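Student: Quick check, what structure comes out for this input:
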Amino acid sequence: MLQFVVFSLLLSTICAQSSQTSKPNIIFILADDYGWNDIGFHGSRQVKTPTMDSLANEGVILNNYYLSPLCTPSRSSLMTGRHAVRTGMQYYVIEAGQRLGIPLNYKLLPEYLNELGYESHLVGKWHLGFFHKNYTPTYRGFKSFYGYYMGHNDYFDHRDKEGPPNVPEWWGLDWHYDVERHLSDVYSDFGQYSSHVISNRASQIIQQHDFDSKPLFLYLPFQSVHCANLVDPIQVPNEIEYQFQYIWNNLRRKYVGAVYELDLAVETVFRALQIRKVLDNTIIVFSTDNGGAPNGYNNNWGSNFPLRAGKGYYFEGGTRGVGFVWGSMFAKRAGDVSTDLMHVSDWFPTLYEAAGGKVEALGDIDSYSMWDVLTGENRTCPRGEVLINLNPVNNSKAIKVGHFKYLLNPYDRWDAEYDYWFQAPGSNPDVNETMYPNTTASQIWCGDIPTDIDLECHSKITGLKECIYNIETDPCEYYNLVDDPNYQDIKTMLLERVEYWESLQVKPLIPGYDELGNPKHQNYVWKPWTDNPNIPPNWFEPSQKIQNAARKEPVTNSKYWSLTTI
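Tutor: Sure, this is the predicted structure:
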């Protein structure tokens, strides 16, 4: 309760502050593998997220917000404004030891913002390539980078083992401080919890920044709440874990503690902005990168309930994300729960327009500026569809057009083991988390899981693992309409839209492991290892041949807009 009171006092000071520059500061907070049901404003009473709930409820909650089901594809879309199928990043995540990154011919978001007068900094997780220095953050628009290059890490010693399976020596430190293209490694943070380090470094940047001369773009991709490693998969300080003794499952208990640490870190950043008196001219964005990893999947224990499945799956639990915006710019929509369709790539043109840029200057992007929609200046959403992914390696496809969603082989590199609805563990082994319907405006509730229908994603007519859902009436994806005779026109339309995106996709980039990337060659530190910036050829090719047809005219939103009311 004390934290709510303190936070309310902080919020009450905003109206008395004066802006330092005409262009808004942008603070982009990205959580890692954050579950739909792991935040209070979606109805969970098990987690403790007072800071994020306060910001979300005073801003605009994004309740129809989609991402890729995995980390690297989502982050590449954020940074390029293009779906991952158009940059070759759609297959999987970048694995340590791969000579892979966002191709250098793409100009990234901080580079565009810098041209508008911004100073850009990154604190946290990169995961968009580091085999050559030109792929690292300070070579791609950020003035400084403090954090780690790879996908996960130990929260305390900041070391990790990745690389080829069953090869133990691919282990090393992955913690760095890069400034203006000077790369350096950090050993002094050993034993310090990563959320503390990231939020403290972010606060230091805010304290030292000259807001009178230029606006700030601060990108904060936290480690929380991704798993750490196989030895100790979910990590949180003991004194925090002790606060959640009412959760019997120790891994879920630690996960909820890590969520609370993330909330405390967000509060730390907010306080730093408040002290500098720049909140009235600051945009705060909060987003996950994909759905949570539930029930021990990927060595983690997130909860997407009542949404189906989670990370790595094309169902709602893997691709429908937690997100909100906060700031005085959104006053017309303050307190709204937005059902406007949005994709993670849309942040690229949205933030560029917020910074004073003209979206036309961004070139051949496939994303939309949502600035006028989020600020309430224009309530007509420009987006009518979201491509979830096309993965030609295992012929996986998913798209949502209007209310309807089509999926084929919806398990991205995994089987159906975690294709279910996982409720979080409760106070003892015999009960799950107690859930109450209609507790918040943004909560999704679907009732009990049906027992009288076939819940498998397949078609008896085609024999394929395909399904169609009406997400408006069935957000938990219970009722497969793929063989329903009343929805065959809808299926035809959805397949046409898949075909359109297939005409735009490029071949996924899948280089093999480079033994020279083994950190043992660099004193057991993960860092750039080659002078050759070229991404090598794939070590295997997709099973589905990619035929780039002549590009069709982009769909006009009005053509499919009627589907949102079906």
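Student: From now on I want contacts and neighbour counts done on CA atoms only, so please keep to that.
Tutor: Noted.
Student: Residue 81 against residue 369, yeah?
Tutor: No - under the criterion of Cα atoms under 8 Å, residue 81 makes no contact with residue 369, lying 9.9 Å away.
Student: so what sits against both of those two?
Tutor: 346-349 (Cα atoms under 8 Å, 6 or more residues apart in numbering).
Student: any idea how far stretch 156-166 is from the chain center?
Tutor: 22 Å (Cα atoms, centre = their mean, to the nearest Å).
Student: Report the mean per-residue pLDDT for it.
Tutor: Computed over stretch 156-166, the mean pLDDT rounds to 89.
Student: With neighbour numbers in mind, choose between residue 81 and residue 369.
Tutor: residue 81 (29 against 23; other Cα atoms under 10 Å).
Student: which among the shared contacts of residue 81 and residue 369 gets closest to residue 466?
Tutor: Sorting the shared contacts of residue 81 and residue 369 by how near they are to residue 466, with Cα to Cα, puts residue 346 at the top with 27.6 Å.
Student: what are the ranges of the strands in the stretch 351-500 of the chain?
Tutor: 385-391, 396-401, 404-408, 466-470 (DSSP state E, counting those that start in this stretch).
Student: Who does the first one pair with, and is each partner parallel or antiparallel?
Tutor: By that I understand strand 385-391. According to DSSP bridges, strand 385-391 forms sheet pairs with strand 396-401 (antiparallel).
Student: Need the CA coordinates for the partner strand. PDB is fine.
Tutor: Taking C-alpha atoms only, strand 396-401 is exported to PDB below (Å, rounded to 0.1, in the frame of the first residue of the first chain):
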ATOM      1  CA  SER A 396       4.400 -22.900 -40.200                       C
ATOM      2  CA  LYS A 397       2.100 -20.000 -41.000                       C
ATOM      3  CA  ALA A 398      -0.300 -17.700 -39.000                       C
ATOM      4  CA  ILE A 399      -2.100 -14.500 -39.800                       C
ATOM      5  CA  LYS A 400      -4.900 -12.500 -38.200                       C
ATOM      6  CA  VAL A 401      -7.200 -10.500 -40.500                       C
END
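Student: Any buried residues in stretch 327-335, and which?
Tutor: The neighbour-count criterion (16 or more other Cα atoms under 10 Å) identifies 327-331, 333-335 as the buried residues of stretch 327-335.
Student: again but with stretch 486-505, I slipped
Tutor: Here stretch 486-505 shows 490-491, 494-495, 497-498, 500-505 as buried, counting by 16+ other Cα under 10 Å.
Student: okay, that stretch in CSV with CA atoms only?
Tutor: Extracted in CSV, the C-alpha atoms of stretch 486-505 (Å, rounded to 0.1, in the frame of the first residue of the first chain):
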residue,chain,number,x,y,z
ASN,A,486,-20.1,-21.3,-43.0
TYR,A,487,-16.5,-20.1,-42.8
GLN,A,488,-15.0,-21.4,-46.1
ASP,A,489,-15.1,-17.9,-47.7
ILE,A,490,-13.2,-16.7,-44.6
LYS,A,491,-10.6,-19.4,-45.1
THR,A,492,-10.2,-18.5,-48.7
MET,A,493,-9.6,-14.9,-47.8
LEU,A,494,-7.1,-15.7,-45.1
LEU,A,495,-5.1,-18.0,-47.4
GLU,A,496,-5.1,-15.2,-50.0
ARG,A,497,-3.5,-12.9,-47.4
VAL,A,498,-1.0,-15.6,-46.5
GLU,A,499,-0.1,-15.8,-50.2
TYR,A,500,0.4,-12.1,-50.3
TRP,A,501,2.9,-12.2,-47.5
GLU,A,502,4.6,-15.2,-49.0
SER,A,503,5.2,-13.0,-52.1
LEU,A,504,7.1,-10.5,-49.9
GLN,A,505,9.2,-12.8,-47.7
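Student: Just the pLDDT for the most far-flung residue of the chain relative to its centre.
Tutor: Going by Cα atoms, centre = their mean, the residue of the chain most distant from its centre is residue 485, 36.3 Å out. Confidence at residue 485, expressed as pLDDT, is 98.
Student: can you check the one 4 residues further on too?
Tutor: Per-residue pLDDT puts residue 489 at 98.
Student: Likewise for the one 4 residues further on?
Tutor: On the pLDDT scale, residue 493 is placed at 98.
Student: Okay, helices next: where are they in this protein?
Tutor: Assigned by DSSP state H, the chain shows helices spanning 2-12, 50-58, 71-80, 109-115, 194-208, 238-241, 250-275, 316-319, 347-354, 371-375, 488-502, 557-561.
Student: could those helices go into TSV alongside distance to residue 429?
Tutor: TSV is the format used below for those (distance: least, Cα to Cα, whole Å):
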stretch	distance to residue 429
helix 2-12	31
helix 50-58	27
helix 71-80	32
helix 109-115	46
helix 194-208	30
helix 238-241	18
helix 250-275	11
helix 316-319	24
helix 347-354	41
helix 371-375	43
helix 488-502	42
helix 557-561	47
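Student: of all these, which has the lowest average per-residue confidence?
Tutor: Going by mean pLDDT, the lowest-scoring of these is helix 557-561, which has a mean of 41.
Student: Compute the number of surrounding residues for residue 132.
Tutor: 19.
Student: Let me see the backbone angles for it.
Tutor: phi -120, psi 150 (degrees, to the nearest 10).
Student: give the contact list for the nearest residue to it once chain neighbours are set aside.
Tutor: Nearest residue to residue 132, sequence neighbours excluded (Cα to Cα, 6 or more residues apart in numbering): residue 528, at 4.8 Å. Each residue near residue 528 by Cα under 8 Å, 6+ apart is listed here: 130-133, 517.
Student: Residue 89 versus residue 33, what's the distance?
Tutor: For residue 33, the distance to residue 89 equals 18 Å [Cα to Cα, to the nearest Å].
Student: Show me where the protein dips below the pLDDT cut-off.
Tutor: 1-21, 413-415, 543-566 (pLDDT under 70).
Student: can you do 80?
Tutor: Within the chain, the stretches with pLDDT under 80 are 1-21, 165-166, 168-169, 412-416, 542-566.
Student: Quick check, central residue of it?
Tutor: The centre of the chain sits closest to residue 289, judged by Cα atoms, centre = their mean, with a distance of 1.1 Å.
Student: For that residue, which residues are in contact?
Tutor: 30-34, 67-71, 74-75, 321.
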